[in-house]
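Enquirer: Next come a sequence and a model predicted from it.
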2 protein chains.
Amino acid sequence: MAVQTVANTGNPTIDLGPAAALSCRECGHRVPLGPVFACEECFGPLEIAYDFSAYDTEELRKRIEAGPANIWRYAPLLPVPADVADKPNINPGWTQLVKADNLARELGVTGGLYVKDDSGNPTHSFKDRVVAQAIEAARAFGFTTLSCSSTGNLAGAVGAAAARAGFRSCVFIPHDLEQGKVVMAAVYGGELVGIEGNYDDVNRFCSELIGDPAGEGWGFVNVNLRPYYAEGSKTLAYEICEQLGWQLPDQLVVPIASGSQLTKIDKGLQELIKLGLVEDKPYKIFGAQAEGCSPVSVAFKEGHDVVRPQKPNTIAKSLAIGNPADGPYVLDIARRTGGAVEDVTDEQVVDAIKLLARTEGIFAETAGGVTVGVTKKLIENGVLDPTKTTVVLNTGDGLKTLDAVAGTGLTATIRPSLDSFREAGLV
Amino acid sequence: MAVQTVANTGNPTIDLGPAAALSCRECGHRVPLGPVFACEECFGPLEIAYDFSAYDTEELRKRIEAGPANIWRYAPLLPVPADVADKPNINPGWTQLVKADNLARELGVTGGLYVKDDSGNPTHSFKDRVVAQAIEAARAFGFTTLSCSSTGNLAGAVGAAAARAGFRSCVFIPHDLEQGKVVMAAVYGGELVGIEGNYDDVNRFCSELIGDPAGEGWGFVNVNLRPYYAEGSKTLAYEICEQLGWQLPDQLVVPIASGSQLTKIDKGLQELIKLGLVEDKPYKIFGAQAEGCSPVSVAFKEGHDVVRPQKPNTIAKSLAIGNPADGPYVLDIARRTGGAVEDVTDEQVVDAIKLLARTEGIFAETAGGVTVGVTKKLIENGVLDPTKTTVVLNTGDGLKTLDAVAGTGLTATIRPSLDSFREAGLV
């Protein structure tokens, strides 16, 4: 991917709340806020550096608790202006943290098991959280077109948020996606361009477009707006802790695609500790992959620091990134916190989707099958402690991956008579 | 349908909060709380009579505002025990009331236009609200199996809620439903029985089953639990008013299937007025149907008090009830409040789905296309006042009726090159 290293497109008058600058995750080099994503010194990824110095813990807690029932209750901790809740945006978040007592019984968890169910977001995946941030950054930088490369969830989230917020959108997808995903991305009325090629070809094209005059004034949510976009995942950490009564869970099971979500959840937890909003105590983060796309899991088990790319082949398509950008950071975090990275087969993914639906009435997309399946496996292997408070993420909706459970169907077919009903043996 | 007229299966020790008795909507005859739905005197529909006499307005308002971000914040006004939020249930509600400024501009609404978007519920339709009530009634009456007849949304809502709350479920559907709907209903692991026949045959079979020993101990959410179930729709009225800052909207546009939802929204608004939670001022309720199933709209326009049944033929299948039980009550309310009942063609439904998606990033199911389409038509006809505050309901999710917008697709297909992109004329 072409690397954009503009030194300073930041504007000192830009108001993105507590966001003070961009800082390189590798070398710490700082640049002003702007639509850049790679360090000019070392090509490392840029992320947001905040100034939280003025906050009083109890005042902040009260301010958050009095905020709206969406991610903007955490506006003081995000790269967004203070009046963000009044601007047109998709307003995701504050999704249910479900106390999963039935699932806990089946898995033998006694310490409290919770499912953070992000299928309740506006377009039914966690992508709404990150896109909502990118919208505010795009507004601040004067972009009028929002774009991304996507294979599904992100396309819908960008299309919907752009429509609400008054941006033009132009989204790029492989031309041969399933019809259902195309409809979901197209219905919001933005431009939807099919690229003759696979997802890698789409990505490569987008990188070219960013450097070309044709892409001028375009905010690519997962490229030149990535530092802002990625921060949206912190809100999962904030919500989980607040919903637990301002407590850290002992263990979290998080899906890995690029790895960005897992690293930002860790960042969010660390911020809450530093701000005094939760007690400083150990927590473990576990990463979950599908066996058919398990580069981080393989590296974890082999004790490597680098992640060898794979060619994905799994039904968990929303996690199918063979060369995850944040893979090494995920390995760091899993090892530092005493967690692990594990993977499950597609068959185990399907079983886990059904298990979660049957026990908790939550119909997860395949990514949710991956986290629940990995949780089960980690308990069976003695890696995850069933006596500790555990939070499992479901980041998407089963309605978007119906094919995974297409085998599910009628228990019986009967004639409309009581005799026929009795014959079916259901009473 | 067989009418169950058990005089008194109620138990004085049953705790359903402020619910005091069942009262006949037609003759006012009262019976104790129990799993009955028709008056033993006149066969009229039974509904919940409450005792709200102990409430102080300001204390109640504070109690509600301090409650959870779901329908249980209104527990003091629902037939549920006071500790309902601690019981396993699906916990729907507190969905977004979207200030639809873009849609308002397109429709010429200047008085404030809002979309109450119930696609954010756990199984992505308003049915979660009513099923959540039925669950609590089923618990109170000692039922262990939950059942219903359904063609889609309700089956999923019952399956999910039963799983979470620990009930067995056995849902009846026509055997030839679309595969997607079958999967959605089956994934929660309950019994799902296909009936060889149409929806009317399914309904008739369920009525037989209720009177048979085979159906003993079964709670049919939309039959013998209907008085409790139906109250869930009141929460739409409560939320709309609270989200408007404890104000009544001037105009509401509500879809009509059986008509129950519209009548309960009116009941909810009346309760808020009587309790002093909102100022007593006029409001108008407009009912929305699809032309292909418009028995109430036809009766309204012809000035009739009775509703002549129709054979439904529309893409708005979740509203396709040809003989709506609450049709006469809907006519009463539309006329009493100064509203109206209107219908739109399937083509207008599809256009309205796209309009809402394009302007507000909300992907509605066909029922949402009906309400938005009817709103547009009522404004064009001068029936709905664009200078007044108007709330339009979207009661379901576009992901469940993808076929309606299947024609939506790619803007362009290009090769992965900038030249090909430029040739497509998108910049």
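Expert: The structure has been received and is ready for your questions. Fair warning: this is a prediction, and the values are worked out from it, not measured in the lab.

Enquirer: Write out the residues of the stretch 301-427 of chain A neighbouring chain B.
Expert: Counting by Cβ under 8 Å from any Cβ of the partner chain, the positions of the stretch 301-427 of chain A adjacent to chain B are A:353-354, A:357-363, A:397-400, A:402, A:405-406, A:408-418, A:421-422, A:424, A:426-427. C-beta here means a position set from N, CA and C on the backbone, and glycine is covered the same way.

Enquirer: try it again with 6 Å
Expert: The interface of the stretch 301-427 of chain A toward chain B, taken as Cβ under 6 Å from any Cβ of the partner chain, is made up of A:357-358, A:360-361, A:363, A:399, A:402, A:405, A:408-413, A:415-416, A:418, A:426-427.

Enquirer: what do you get for the stretch 151-300 of chain A?
Expert: Taking Cβ under 6 Å from any Cβ as the measure of proximity, the stretch 151-300 of chain A contacts chain B at A:160, A:163-164, A:175, A:180, A:182-183, A:186-189, A:191-197, A:201, A:205, A:208, A:212, A:214.

Enquirer: Which members of the residues you listed occur in helices, if any?
Expert: With helices defined by DSSP state H, the entries of those inside them are A:160, A:163, A:164, A:180, A:182, A:183, A:186, A:201, A:205, A:208.

Enquirer: Columns neighbour count and pLDDT on top of the residues you listed, output as TSV?
Expert: Shown next, in TSV, are these (neighbours: other Cβ atoms under 10 Å in any protein chain shown; pLDDT from 0 to 100):
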residue	neighbour count	pLDDT
A:160	28	97
A:163	27	98
A:164	26	98
A:180	19	79
A:182	21	90
A:183	23	91
A:186	24	94
A:201	18	87
A:205	21	93
A:208	17	92
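
Enquirer: can I assume residue A:305 sits in a helix?
Expert: No: Residue A:305 is assigned coil when assessed by DSSP: H, G, I helix; E, B strand; the rest coil, not a helix.

Enquirer: can you count the residues close to it?
Expert: Using other Cβ atoms under 10 Å in any protein chain shown, residue A:305 has 10 neighbouring residues.

Enquirer: can you pull the pLDDT of it?
Expert: Here the pLDDT value assigned to residue A:305 is 94.

Enquirer: Kindly report the same for residue A:406.
Expert: What the model reports as pLDDT for residue A:406 is 88.

Enquirer: Show me the shaky parts of chain A.
Expert: Where chain A drops to pLDDT under 70, the residues are A:1-12.

Enquirer: Quick one: the helices in the stretch 101-250 of chain A, in order.
Expert: For the stretch 101-250 of chain A, helices defined by DSSP state H, counting those that start in this stretch occupy the ranges A:101-107, A:127-140, A:153-165, A:179-186, A:199-210, A:226-231, A:234-243.

Enquirer: who's in contact with the fourth one?
Expert: Spelled out, it's helix A:179-186. Here helix A:179-186 makes contact (Cβ atoms under 6 Å, 6 or more residues apart in numbering or on different chains) with A:152, A:155, A:156, A:159, A:192, B:402, B:405, B:408, B:409.

Enquirer: What count of nearby residues applies to the closest residue to the second one other than its chain neighbours?
Expert: In this case it means residue A:155. Nearest-residue entry for residue A:155: residue A:185, 3.7 Å, with adjacent residues in sequence omitted and distances by Cβ to Cβ, 6 or more residues apart in numbering or on different chains. Using other Cβ under 10 Å, the number of residues around residue A:185 comes to 29.

Enquirer: One more: the one 5 residues further on?
Expert: Residues lying near residue A:190 (other Cβ under 10 Å) number 26.

Enquirer: Give the bridge partners for the residue lying closest to it once chain neighbours are set aside, please.
Expert: Taking Cβ to Cβ, 6+ apart as the measure, residue A:190 lies nearest to residue A:169, with 3.3 Å between them; neighbours along the chain are not counted. Partner residues in beta bridges with residue A:169, using DSSP bridges, are residue A:146.

Enquirer: With residue A:114 instead?
Expert: With beta bridges defined as DSSP bridges, residue A:114 has these partners: residue A:99, residue A:391.

Enquirer: Now do the contacts for it.
Expert: The neighbourhood of residue A:114, defined by Cβ under 6 Å, 6+ apart, consists of A:97, A:99, A:391.

Enquirer: Grab the nearest non-local neighbour of residue A:293.
Expert: By the measure of Cβ to Cβ, 6+ apart, the closest residue to residue A:293 outside its immediate chain neighbours is residue A:312, 3.9 Å from it.

Enquirer: Need the CA coordinates for stretch A:207-215. PDB is fine.
Expert: Output of stretch A:207-215 as PDB, limited to C-alpha atoms (Å, rounded to 0.1, in the frame of the first residue of the first chain):
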ATOM      1  CA  SER A 207      -4.200   3.200  -2.400                       C
ATOM      2  CA  GLU A 208      -3.500   4.500  -5.900                       C
ATOM      3  CA  LEU A 209      -6.600   6.600  -5.800                       C
ATOM      4  CA  ILE A 210      -5.500   8.400  -2.600                       C
ATOM      5  CA  GLY A 211      -2.400   9.600  -4.300                       C
ATOM      6  CA  ASP A 212      -4.200  10.700  -7.400                       C
ATOM      7  CA  PRO A 213      -5.900  14.000  -8.100                       C
ATOM      8  CA  ALA A 214      -9.100  12.000  -8.700                       C
ATOM      9  CA  GLY A 215      -9.100  11.100  -5.000                       C
END
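
Enquirer: So which bits of it are buried?
Expert: Along stretch A:207-215, these residues count as buried under the neighbour rule (16 or more other Cβ atoms under 10 Å in any protein chain shown): A:207, A:208, A:209, A:210, A:215.

Enquirer: is it true that the third one touches residue A:218?
Expert: No: Residue A:209 is beyond contact range of residue A:218, at 7.3 Å (criterion: Cβ atoms under 6 Å).

Enquirer: still on that earlier bit, need the contacts of residue A:114 in TSV (columns: neighbour count).
Expert: Output for those, formatted as TSV (neighbours: other Cβ atoms under 10 Å in any protein chain shown):
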residue	neighbour count
A:97	18
A:99	16
A:391	28
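
Enquirer: Just confirm residue A:315 contacts residue A:404, I think it does.
Expert: Yes: counting by Cβ under 6 Å, residue A:404 is a contact partner of residue A:315 at 5.3 Å.

Enquirer: Quickly list what's touching both of these two.
Expert: Jointly contacting residue A:315 and residue A:404 under the rule Cβ under 6 Å, 6+ apart are residue A:366.

Enquirer: Tell me which stretches of chain A form strands.
Expert: With DSSP state E applied, chain A shows strands at A:19-24, A:30-31, A:46-50, A:97-99, A:113-117, A:145-149, A:168-174, A:191-195, A:218-220, A:251-255, A:284-290, A:340-344, A:390-394, A:412-414, listed in chain order.

Enquirer: Of all those, which one comes closest to residue A:233?
Expert: Among the strands of chain A, the nearest to residue A:233 by Cβ to Cβ is strand A:251-255 (9.2 Å).

Enquirer: Please report phi then psi for the residue nearest to residue A:293.
Expert: When read as degrees, to the nearest 10, the backbone of residue A:312 gives phi -60, psi 140.
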